[in-house]
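Visitor: Build me a model:
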Amino acid sequence: MTKNVTEFMQAATARTFSLPSSNQSFKYLYVPVQRRIPINQLRSRLRRLHINSSRILDIHYPDRHFVALLIRNDYESELRSQLNKLTITVCDEYDPLDPANLHRVDYAFGTLTDRLIRAVQRAVARFFIEKDFFGTEALYSLLNKEYLVIP
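Guide: Coordinates of the predicted model:
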């Protein structure tokens, strides 16, 4: 029993036998969407547009009307040309870390460094408690109680 080998499958197999690219980093492309749909449906719609969804490593929604597509830099030109053919714009100027894009006021405090410290502080505190380096009481006395939320 032989299977029909599609053009995409053949190209994916051929990539196995090629040299690694000199440009092996990743990037997000931000594409506008009307509404959020489940990721599997989004991948299906990309395939209907003849976009190889297996080359898209991750998909998430950073904002209400944007979808983020994580791709390898090698695939960027191919994906952009396919999107341009379909008159789908890529928003290069969108920055998910820009405070203007934060919709919840309680996340808009301070600088980026302040927000990172707050996020990491909880993870480090949880790790210390799990490893019995500190007790919960000691951590509460060391850290500001309003920032520390231990699940």
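Visitor: on contacts alone, who are the packing partners of the longest helix along the chain?
Guide: Ranked by residue count and defined by DSSP state H, the top helix of the chain is helix 112-130. Here helix 112-130 touches helix 136-142, going by 3 or more Cβ pairs under 8 Å, 6 or more residues apart in numbering; DSSP states H and E. All C-beta atoms are positioned from the backbone trio N, CA, C, and that covers glycine.
Visitor: buried stuff in the helix it packs on?
Guide: Residues of helix 136-142 classed as buried under the neighbour-count rule (16 or more other Cβ atoms under 10 Å) are Leu139.
Visitor: Stretch 23-41 now?
Guide: Result for stretch 23-41 [16+ other Cβ under 10 Å]: buried residues 28-31, 33.
Visitor: Quick one: mean pLDDT for it?
Guide: Averaging pLDDT along stretch 23-41 gives 93.
Visitor: Just give me how far that stretch sits from the chain centre.
Guide: Remark: stretch 23-41 is offset 8 Å from the chain centroid, using Cα atoms, centre = their mean, to the nearest Å.
Visitor: residues making contact with it?
Guide: With contact meaning Cβ atoms under 8 Å, 6 or more residues apart in numbering, stretch 23-41 is reached by 45, 57, 59-62, 64-74, 76, 79-80, 83, 88-92, 94, 96.
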